[in-house]
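> Sequence and predicted structure are below.
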Amino acid sequence: MDKKTISAFLLIGLILLLMPYYYKLISPPREETADSLSMEKAPSTLAEGPSEQAEMTRQEAEILPRKTTELEEARTGGESGVREWYAPDPIEESRIIDVETPLYSAQFSTHGASLHSWVVKPTLPFLQEQEQLVRLRDSNRNLVLLARGGRGLFRSEEKNFTPDTDQIILNKGDGEKSLTFALALGSWGYYQETYTFYPDRYSFDVHIQSLGLSDATGAANALFTWGSGLAQTEKDSAQDLYYTEAYYYMGNSREKLKSSGKKIAELAPTGPTRWVAQRNKYFLLAIVPETPANGAHLATFPDSLYNGKFLPKLYETGLNFNLTNGDLDKKLIVYFGPLSQRFLNLVDPTLKDTMSWGWTIIKPFSIAVLWTLKFLHGFIPNYGLVLIIFSIMVKLIIWPLTQKSYVSMKRMQMLQPKMKALQEKYKGNPQKLQQEMGALYKEHKVNPLGGCLPTLLQLPLLYALFIVFRSTIELRGAPFVLWITDLSMPDVLVLLPFSIPLYGNRICVLPLVMAISTFLQSKTTITDPNQKAMLYIMPIMFIFLFNSFPSGLTLYYTLFNLLSWIQQHYMKVSDPKIEKELADLKTEQAKAARKKGISNPK
């Protein structure tokens, strides 16, 4: 490699080294308070049953006999009709409806007909424990209908709905089951939401219906929205927040709300909208209408507006619907689960565009890498072994190119004496020197950039592996051996009580092994005395660089280096023509030196 190429690699390495500090700058660690810990870090409690307050309200509700005409009374306003339809209802009169399926446990509140809890069960290798996906503190903002007009404002989150059941339990093999929430709009009519659940999917159907909604509010359209953002699920909160985004799909392309999260931002595109979605690192919340909505609404704001603590990119995403003949009759699908193509394709194939694939030029590599790893994992249960096989496959594929490059590089090394002789001969004539150098390369069929070509071709693959291991849920929690329990995270062996600049507070083993493999591989390629320093600088730089990278990526790179070293170690390169010319050149230099009185010319 020439000096420019080495400088380019150093610059790339410096940028990657500074990336963790950039993440911390845009996503500072969140301060945990006792309240936030109790509210957001107890998925097991939520999964076991409703809260104490919810249990009290359910017991109170069970005292009264259930009426078969309850839903009808809710739609018509019952007999009393004392409270105005638009007045907020007291929260203490609400109760919790439990939904239990093989994949998740959910809790809906009759206050707002909103989703208060969604706990994904550990049914898959990448779901090793219960995951609470709802931000509990603002759960009343989930699945809210807003209609604003000249006669009033309707917000479903302010109203107490009447459910048609107290509990839904779905077992494997069961058919679908539905839960309907109904609300009277005084003498104007009613509004209701029907949720349909399935035992084998992370999505549920929503049917929104109204009668007299436009008459009651004067509104011409309504917004159905998810407003509480998503809960953090990863120990490394900075990484979780880095991948937190909000999207909408319009005009056959996925668009994103661009925001750092430090300031309030809002976007309200109009036109046929296929879906809106928001995600964190590994999970997605998407609202997909049966027919395209009339527009989308996306907003983000600092979390301090809600709980006094800064949390970048807290999103609200919703769909805008025109009121047909003054009312709503819309069907939607709400997906709330892992960012996995397997499940996203069941809802809408275009939802895969919410996954992280890297730059456009890298995307095909990322998709190919993920497909290959998953295919191999179908036969080999350990992703670490899959990576070993994958690295061997890649090495075999590029073996001819590497061999050709290595031969070219060795010939360049053999030609160094002649090149130096030309440089000395034409040092005052750069144009003539360039012509003679070109002729020398052409005569001996040498490409000056041939030694770097395999490395440059590997860069898209290396970056694709970085993306796949960092953001693909299938590799989340994938173990290898011994202390390497998660290939999507660094293989931390020891945590230090202090932090080392650029290195951090964790000692990982694989980066050290990779540094050794880099040293061995570089030792066979770097022969220029002017580049000897790189023999030691590169391995040290990689120790700092890869200490925060996924261990799967480090494992792959280490294996690839070792395979390259083995290939170069046993590959002999000779060229009789060059060797004869070098011998003649050495003889000429010796004669010239003897004439000048130099006994041992170099």
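Sure, I can see it.

> drop to CA atoms for contacts and neighbour counts, all remaining ones
Will do.

> So T273: helix, strand or coil?
Following DSSP: H, G, I helix; E, B strand; the rest coil, the label given to T273 is strand.

> hey, what's it bridged with?
In this entry, T273 is beta-bridged to M250, A293, by DSSP bridges.

> partner residues bridging G318?
T225, H297.

> correct me, but it touches A222?
No. Using C-alpha atoms under 8 Å, G318 makes no contact with A222, being 10.1 Å away.

> And the average pLDDT for stretch 170-181 is what?
In this model, stretch 170-181 has a mean pLDDT of 93.

> okay, G318 and A222: which has more neighbours?
Set G318 next to A222 and count neighbours by other C-alpha atoms under 10 Å: G318 wins out with 26 against 22.

> For E266, see how far away that one is.
G318 sits 12 Å away from E266, going by C-alpha to C-alpha, to the nearest Å.

> and for the two, which residues touch both?
Both G318 and E266 are in contact with H297, L298, where contact means C-alpha atoms under 8 Å, 6 or more residues apart in numbering.

> need the helices for the stretch 351-500 of the chain, in chain order.
Listed in chain order, the helices of the stretch 351-500 of the chain (DSSP state H, counting those that start in this stretch) span 363-377, 383-414, 416-425, 430-443, 453-471.

> and what of the stretch 151-300 of the chain?
For the stretch 151-300 of the chain, applying DSSP H, counting those that start in this stretch gives helices covering 213-217, 237-242.

> hmm, back to that, of the helices of the stretch 351-500 of the chain, which is nearest A246?
helix 453-471 (16.0 Å; C-alpha to C-alpha).

> buried ones in the closest one?
Across helix 453-471, burial judged by 16 or more other C-alpha atoms under 10 Å covers 453-454, 460-471.

> Same question for stretch 167-186.
Quick answer for stretch 167-186 (16+ other C-alpha under 10 Å): L170, L179, T180, F181, A182, L183, A184, L185, G186.

> Which of the three states applies to N140?
The three-state label given to N140 by three-state DSSP is helix.

> Could you list the low-confidence segments of the stretch 501-602 of the chain?
524-533, 535, 571-602 (pLDDT under 70).

> Now do the strands in it.
In the stretch 501-602 of the chain, the segments counted as strands under DSSP state E, counting those that start in this stretch are 504-508.

> Give me the pLDDT value at F126.
87.

> re earlier: of all the helices of the stretch 351-500 of the chain, which one is nearest Q132?
Nearest to Q132, of all the helices of the stretch 351-500 of the chain, is helix 453-471, at 18.8 Å by C-alpha to C-alpha.

> what's that closest one packed up against?
Identification of packing neighbours for helix 453-471 by 3 or more C-alpha pairs under 8 Å, 6 or more residues apart in numbering; DSSP states H and E yields helix 363-377, helix 383-414, helix 551-570.

> and that helix, how far from the chain's centre?
16 Å (C-alpha atoms, centre = their mean, to the nearest Å).

> same thing with stretch 179-188?
Stretch 179-188 has its C-alpha centroid displaced from the chain centroid by 40 Å (C-alpha atoms, centre = their mean).

> Start at 831, not 1
Got it, first residue is 831 now, which makes that one stretch 1009-1018.

> sorry, back to before: save the helices and strands packed on helix 1283-1301 as a markdown table, and put in mean neighbour count too.
As requested, the helices and strands packed on helix 1283-1301 are arranged in a markdown table below (neighbours: other C-alpha atoms under 10 Å):
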| stretch | mean neighbour count |
| --- | --- |
| helix 1193-1207 | 17 |
| helix 1213-1244 | 18 |
| helix 1381-1400 | 20 |
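
> Lowest average confidence across these, which one?
Among the helices and strands packed on helix 1283-1301, helix 1213-1244 scores lowest, at a mean of 79.

> could you say what helices and strands that one packs with?
So helix 1213-1244, by 3+ C-alpha pairs under 8 Å, 6+ apart, packs with helix 1193-1207, helix 1283-1301, helix 1381-1400, helix 1406-1425.

> repeat that for 10 Å
Counting contacts by 3 or more C-alpha pairs under 10 Å, 6 or more residues apart in numbering; DSSP states H and E, helix 1213-1244 is packed against helix 1193-1207, helix 1246-1255, helix 1260-1273, helix 1283-1301, helix 1381-1400, helix 1406-1425.

> Out of those, which gets nearest to L973?
Once those are compared by C-alpha to C-alpha, helix 1283-1301 is nearest, at 27.1 Å.

> quick revisit: most packed of the helices of the stretch 981-1130 of the chain?
helix 1043-1047 (a mean of 22; mean count of other C-alpha atoms under 10 Å).
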